[in-house]
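K.L.:
make a model of this:
(one chain, ligands or ions: 1)
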Amino acid sequence: MDSNISDWRVRFRDAEKALNGVVLGQTRSIRLLLISALCRGHVLLAGDVGTGKTTLLRAMARALGGPYARVEGTVDLLPTDLIYAAHIAEDGRPRIEPGPVLEQGEDLAVFFFNEINRARPQVHALLLRLMAERSLSAFRREFHFPHLQVFADRNQIERDETFELPAAARDRFLMEIAVDAPAAPEDRVALAFEPRFHDTTTLIASVGQGMLRYRGLNDLAASIQSGIHASPALQRYVFDLCEALRHPASADLVLEGADAARLIRGGISPRGMQYLVRAARAGAWIEGRNAVLPQDVRAVLAPVMAHRIFLAPAYEPRRDALVPALIDAAFAKIPVPA
Ligand SMILES: Nc1ncnc2c1ncn2[C@@H]1O[C@H](COP(=O)(O)OP(=O)(O)OP(=O)(O)O)[C@@H](O)[C@H]1O
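P.N.:
The predicted structure is shown next:
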């Protein structure tokens, strides 16, 4: 790793402190977002309404710096709305302007998709290509977005007129992070009574613009992935955990109210395992270590893997309880290497 690596770590720690100063009670989500930036991965935040998801993503986009575009998911949004907008100009002639994905040019650093589950599958398909390839075809040419991170949010309350993301699109997200209201009563009281939490734009202005220098992150990510060591015992631990999630009955996992042999339909793809290892390495780096420990894997396993586990149809309605129970059972069963 290059000599600037300790400067980078200071920058990440400062950003973490700044983000925790403006978004209360979300320490874990903030750490996970920073890990996602270090992995160059896309993130979906899911949770109740008004828990600070938009505030957190806007604050993170500010810390990253760089061009930022945002779109609101609605049922009538078309894929082409992301690419261009047509209107009649003052001279009465039709004009085509670039849409949100293109208006900032190829330096686009953050594309924020608000309420992604309100958009239709055709829009999800376009987003899937953008996430997977960081490129787009429009106006008879290819656009490339080497620094792009997609942030999306979804509220879990609304079910009417919403469209579940297809499995392939969900698999492209490095993490799906659950954001609940802050647990500590003092944080909830502060959010209600301190006026600074009522105005998001002013609130996030205290996060230094560009403190994470988005243009340097691809190189930093590559050095972390090649420089952070994973011992053979750790590799075995990751493999055994993933196998237990794929084949819970073979790993002798016992789950209350579910037949372990029939629970799983699919998921835990090789891409999922790659993402798990990337995230664990990034977490170890933030902690100042040069080797991955089991705790680094455990800290990211649920946000990286839970949305990639597909249950048999009979169990899908209970996934909110069953998937965490499955992950806990795997943690309890698979021996942690010394
Ligand atoms: N944990 C938090 N820290 C700081 N501000 C918060 C927090 N939770 C909520 N707020 C404040 O509450 C308001 C609503 O937050 P925000 O819009 O970020 O929620 P949301 O989860 O994106 O909501 P929705 O799902 O409806 O889009 C904002 O003014 C925001 O500053």
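
K.L.:
relative to the ligand, which residue of the stretch 201-338 of the chain is the closest?
P.N.:
Per Cβ to the nearest ligand atom, residue 203 is where the stretch 201-338 of the chain lies closest to the ligand, at 5.5 Å. (C-beta placed from N, C-alpha, C; glycine too.)

K.L.:
same thing with the chain?
P.N.:
Counting by Cβ to the nearest ligand atom, the chain gets nearest the ligand through residue 52, at 2.8 Å.

K.L.:
next, give phi and psi for the nearest residue to that residue once chain neighbours are set aside.
P.N.:
Computed as Cβ to Cβ, 6 or more residues apart in numbering, the closest residue to residue 52 that is not its neighbour in sequence is residue 23, at 5.5 Å. For residue 23, the backbone dihedrals (degrees, to the nearest 10) come out as phi -110, psi 110.

K.L.:
which residues does residue 23 contact?
P.N.:
Neighbouring residues of residue 23 by Cβ atoms under 8 Å, 6 or more residues apart in numbering: 29-30, 52, 55-56, 59.

K.L.:
now tabulate those residues in JSON lines and tack on pLDDT.
P.N.:
Shown next, in JSON lines, are the contacts of residue 23 (pLDDT from 0 to 100):
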{"residue": "29", "pLDDT": "95"}
{"residue": "30", "pLDDT": "97"}
{"residue": "52", "pLDDT": "88"}
{"residue": "55", "pLDDT": "92"}
{"residue": "56", "pLDDT": "92"}
{"residue": "59", "pLDDT": "95"}
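
K.L.:
which helix or which strand is home to residue 203?
P.N.:
Element membership for residue 203 (DSSP states H and E) is helix 200-204.

K.L.:
and the following helix or strand past that helix, what does it pack against?
P.N.:
The C-terminal neighbour of helix 200-204 among helices and strands, as given by DSSP H and E, is helix 217-227. With contacts taken as 3 or more Cβ pairs under 8 Å, 6 or more residues apart in numbering; DSSP states H and E, helix 217-227 sits against helix 5-22, helix 27-39, helix 270-286.

K.L.:
quick one: average confidence on helix 217-227?
P.N.:
Summarised as a single mean, pLDDT over helix 217-227 is 95.

K.L.:
quick check: the residue of the stretch 201-338 of the chain closest to the ligand vs residue 28, distance?
P.N.:
Residue 203 sits 20 Å away from residue 28, going by Cβ to Cβ, to the nearest Å.
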